[in-house]
Each structure stands twice: as C-alpha cells, then as structure tokens.
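*Asks:* here's a sequence, model it:
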Amino acid sequence: MTSPPCMSGMLERKLDLIFNFNTIKMKRTILSYNLFLILILIGFQSKSQNFNNLPGAPEMLYGDTSRIGVPFAKDPHVIWFKDRYLMYYSVPGKQDTLGAMSDWGIGIASGNDLTNWERVGEIGPAGEWEKNGLAAPSAIVLNGKVHLFYQTYGNWIKDAICHAVSEDGIHFKREDFNPIFRPNGEWTAGRAIDAEIFKTDDKFFLYFATREPAMKIQKIGVASAPLSTDFRPSDWTQLTDYAIVKPEYAWEETCIEGASVIKQGGWYYMFYAGAFNNRPQQIGVAKSKDGIKWEKLSNKPFLVNGDPGTWNSSE
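*Replies:* Numbers count the residues shown, from 1 in each chain. Next up, the predicted model:
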C-alpha cells in the first residue's frame with residue numbers, strides 16, 4: 001500500500017478538505033476539524049441560494065445531494081485506505097415543514113487529492129438500534145480493514161455507539177453485539193453520541209458526548225479498550241465518573257460535543273464544538289498529557305464564527 005500523497009501520521013490524516021495550504025501545521029488540522037461545521041451550512045441552503053456568493057465564502061468542495069436535493073454533508077472523517085481517501089459523513093433523510101431532519105445515514109465519498117470527491121456509497125439503518133438512523137462516523141484503519149464507529153440517531157436518551165468493519169471501506173458488517181458502548185453512573189443519562197476513536201501505544205481511547213440525567217447539558221467522556229480488543233461491549237472501561245470536558249464559559253452555553261483528538265509533541269489536543277448547532281457553535285481546544293485529564297487553552301473560542309450575514313455566521 002502506498003502512503004497518502006504528501007502526508008504521514010495522525011496529524012496529516014486530519015488535514016483540511018476545503019483550503020489548500022502550503023504547510024502542514026496545527027492550524028491546518030483545526031480548519032479540517034471545522035469542516036463538519038462548514039458543511040452544516042450547505043444543508044440549510046435553499047435551492048435558490050448560492051453558498052459561494054455569500055460574503056467571504058470559500059469554494060465548497062463537496063456536498064451530497066442524494067437525500068434532500070441540495071448539497072448536505074456534515075461530521076466528515078477522512079482516512080487513507082487502499083490508495084485513495086475515503087470520507088465518511090452524516091446525511092439526513094426526511095425534512096419536515098419546519099426544517100427538522102430525521103432518518104440520518106452515513107455517506108461515503110472517495111478522492112485522490114482532498115479536493116475532488118465522488119460519492120461511492122451509503123450506510124443505511126440496520127437492526128433495532130439503528131431503525132431511526134445513524135450518524136457521526138469515526139473511522140480507523142487496522143490490519144488492512146476499516147473500522148467504523150458511529151452513533152445511533154433518534155433514540156434520544158437511548159442513543160449509543162456502534163461498530164462495523166469493512167474489507168473495502170464501502171460495504172460494512174455490523175457487530176452482532178452492537179451497541180458497543182453507553183456510559184453509566186450518576187453523572188450521565190446513559191446516552192453516547194459523537195464517537196472519536198484514537199489508538200495509543202497500549203490502548204484505544206473512545207471519546208463520546210453524553211448528557212447529565214436531565215438531558216440538558218452536553219459534555220465529553222472517555223472510555224478505553226486494550227489493543228487486543230474486538231470492540232465488544234465488555235472490553236470497554238469507562239475511565240471517569242465525571243465529564244472530562246464540560247461547558248464552562250459563556251460561549252459554550254450548555255454544550256460541549258464533537259471531539260476530535262490528535263497527539264503532537266507529547267501532548268494530546270482535543271478540538272471540540274462549544275454550544276449547540278447554530279447558537280452559534282464555535283471551536284475550542286483543550287490539551288492533556290494522558291488523554292484523560294484535560295485543560296482548556298483559553299476561555300475564548302479558538303475558531304470563532306463570522307459576522308452576521310457572512311458564510312459562517314451561525315457556525
């Protein structure tokens with residue numbers, strides 16, 4: 001297998017899909033993480049509105065029109081697998097008269113340069129846990145196979161993390177023992193969404209978003225499994241009985257979600273979304289030496305939303 005063009009390692013695998021920068025730096029990683037926020041805006045375009053004509057808008061390089069007739073793709077996760085990039089992302093199903101979306105699925109696109117993408121597949125609901133939808137994929141390549149971690153959708157307090165595996169990156173086999181993880185304890189309602197899988201030298205970390213029992217405050221937790229795991233439920237150990245990152249500052253309001261983790265220079269860095277969608281939602285960053293105890297780098301957003309009327313005013 002060849003290496004991805006001009007890239008190596010975890011940091012490079014999270015590079016931007018929107019802007020073509022000349023250097024591989026932390027800023028690039030942050031912008032790539034923000035892609036899932038940028039792509040949300042596509043989903044709310046009307047057919048008469050041209051996103052690229054909004055003030056300051058970059059060229060939008062990909063949107064899936066298969067579900068609702070306008071370009072929509074959010075929560076992207078990109079891997080290099082069998083000599084090409086594969087991007088997994090959330091796509092909605094039905095949209096009611098108020099704009100609420102349901103029946104979510106996971107779309108798959110492929111490309112060779114992080115700029116030009118082609119839709120190559122979709123993962124739809126299967127089984128009782130997924131009957132209302134699935135979303136928010138996190139992918140990792142292990143022993144020549146793609147392992148996909150994702151959440152169920154539409155089950156509210158019962159949403160949980162599931163796992164599937166693929167030989168070709170497009171056709172996936174679900175685990176009979178899904179869902180693989182839900183948190184427990186007085187600090188959580190038991191819900192788990194927004195999976196982020198991260199492999200270390202001796203374990204896997206699984207980061208997830210959950211809520212307190214009243215289901216009003218969203219926050220981040222973490223579990224681990226040994227490298228020998230096949231990701232069954234009994235292999236996961238919840239590492240804390242409290243949130244490792246939670247809302248603290250005014251701009252975060254009542255929500256921390258969408259963790260994306262890298263490791264550089266002996267530090268783990270977590271980029272997260274603060275506040276719920278369109279409040280606006282902005283990007284914060286925290287750091288950790290062990291992947292468990294986290295310290296936010298600032299009480300201000302790391303990547304802020306735009307001014308009213310601009311392309312990123314709500315995210």
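
*Asks:* going forward, measure contacts between C-alpha atoms and count neighbours the same way
*Replies:* Will do.

*Asks:* all the strands of the stretch 201-315 of the chain, residue numbers only.
*Replies:* With DSSP state E, counting those that start in this stretch as the criterion, the stretch 201-315 of the chain has strands at 203-211, 218-226, 237-238, 256-264, 267-274, 282-288, 295-296.

*Asks:* can you redo those strands as CSV with mean pLDDT, mean neighbour count and distance to Leu114?
*Replies:* Listed next are the strands of the stretch 201-315 of the chain as CSV, based on pLDDT from 0 to 100; neighbours: other CA atoms under 10 Å; distance: least, CA to CA, whole Å:
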stretch, mean pLDDT, mean neighbour count, distance to Leu114
strand 203-211, 98, 24, 26
strand 218-226, 98, 22, 29
strand 237-238, 98, 17, 35
strand 256-264, 97, 22, 19
strand 267-274, 98, 22, 21
strand 282-288, 97, 22, 22
strand 295-296, 98, 16, 30
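
*Asks:* any chance of those in a markdown table, plus distance to Leu148?
*Replies:* Putting the strands of the stretch 201-315 of the chain into a markdown table (distance: least, CA to CA, whole Å) gives the following:
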| stretch | distance to Leu148 |
| --- | --- |
| strand 203-211 | 12 |
| strand 218-226 | 15 |
| strand 237-238 | 19 |
| strand 256-264 | 15 |
| strand 267-274 | 20 |
| strand 282-288 | 24 |
| strand 295-296 | 28 |
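
*Asks:* looking at those, which is closest to Val146?
*Replies:* strand 203-211 (15.1 Å; CA to CA).

*Asks:* quick one: strands adjacent to the closest one?
*Replies:* Partners of strand 203-211 in the sheet, by DSSP bridges, are strand 193-199 (antiparallel), strand 218-226 (antiparallel).

*Asks:* would TSV of those with distance to Ile256 be doable?
*Replies:* Converted to TSV, these look like this (distance: least, CA to CA, whole Å):
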stretch	distance to Ile256
strand 193-199	11
strand 218-226	5
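
*Asks:* returning to what we had before: and of the strands of the stretch 201-315 of the chain, who's closest to Ala57?
*Replies:* When those are compared by CA to CA, strand 282-288 sits nearest Ala57, at 16.9 Å.

*Asks:* counting contacts, what elements does that closest one pack onto?
*Replies:* Applying 3 or more CA pairs under 8 Å, 6 or more residues apart in numbering; DSSP states H and E, we find strand 282-288 packed against strand 267-274, strand 295-296.

*Asks:* want to throw these into JSON lines with distance to Pro280?
*Replies:* Formatted as JSON lines, the helices and strands packed on strand 282-288 follow (distance: least, CA to CA, whole Å):
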{"stretch": "strand 267-274", "distance to Pro280": "9"}
{"stretch": "strand 295-296", "distance to Pro280": "19"}
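
*Asks:* residue ranges for the helices of the chain, please.
*Replies:* With DSSP state H as the criterion, the chain has helices at 9-13, 26-33, 35-43.
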